[in-house]
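A.B. asks: Generate coordinates for the sequence data below:
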Amino acid sequence: MTNTSDNTNPSTDTRAAPGTRTYHGSCVCGAIRFEADIDLQAGTSRCNCTICTKASLWSAIIKPSSFRLLSGEESLSDFQRNGRFSHFLFCKHCGTRPFSRGDAPWTGGPYYSIQLTCLDDADLSNIPVMHFDGRHDKWESPRVERTP
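C.D. replies: Take a look at the predicted model:
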């Protein structure tokens, strides 16, 4: 699960998108720690399907090369809903869901979905949020707004 294929720093890597920054995240108990290269101004997402709603998920989708699990692989448990496309990973100690991973065509293939509220060093004000109607499998034309 650990991804170490891209250890570049986006602030010095000329391949990184202009707004991309490395963020650090963790679960509540600290067993799971990760870093992710994210451009929050490129958009974040919320979904109204039952798992996203009940878990209050608010995420940013990134490519696997932009994610690095720093510690806690042995503390991760996996939940798959109907074995479809996502692995909803959570800490088996504190229950926090810091990220998920999967492979879905509407995300462009393999992805990591970072739970934004698990980022330890992110300012989540004034960023775009795309609201998807996952409850009805309608992934096109999300409603877009900005956070206060």
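A.B. asks: check contacts around H131.
C.D. replies: 45-48, 142-145 (Cβ atoms under 8 Å, 6 or more residues apart in numbering). Backbone N, C-alpha and C define where each C-beta goes, glycine included.
A.B. asks: swap in I51?
C.D. replies: So I51 contacts 57, 81, 88 (Cβ under 8 Å, 6+ apart).
A.B. asks: picking that back up, filter the contacts of H131 to the buried ones?
C.D. replies: Buried subset of these (neighbour count, 16 or more other Cβ atoms under 10 Å): 45-47, 142.
A.B. asks: In space, what's closest to N48 - neighbours in sequence excluded?
C.D. replies: Distances taken as Cβ to Cβ, 6 or more residues apart in numbering put R135 closest to N48, at 4.8 Å, once the chain neighbours are dropped.
A.B. asks: what packs against the longest strand seen in the chain?
C.D. replies: Ranked by residue count, the top strand of the chain under DSSP state E comes out as strand 138-146. Helices and strands touching strand 138-146, by 3 or more Cβ pairs under 8 Å, 6 or more residues apart in numbering; DSSP states H and E, are strand 128-133.
A.B. asks: before we move on, back to that, which of the buried ones among the contacts of H131 lies closest to G19?
C.D. replies: Distance to G19 across the buried ones among the contacts of H131 (Cβ to Cβ) is lowest for S45, with 16.5 Å.
A.B. asks: right, and that closest one touches A104 too?
C.D. replies: No - using Cβ atoms under 8 Å, S45 is not in contact with A104; the gap is 11.9 Å.
A.B. asks: what helix or strand is the most centrally placed residue in the chain on?
C.D. replies: Per Cα atoms, centre = their mean, the C-alpha nearest to the average position across the chain is that of I114, at 1.5 Å. Here I114, judged by DSSP states H and E, is contained in strand 109-115.
A.B. asks: Brilliant, that's me finished.
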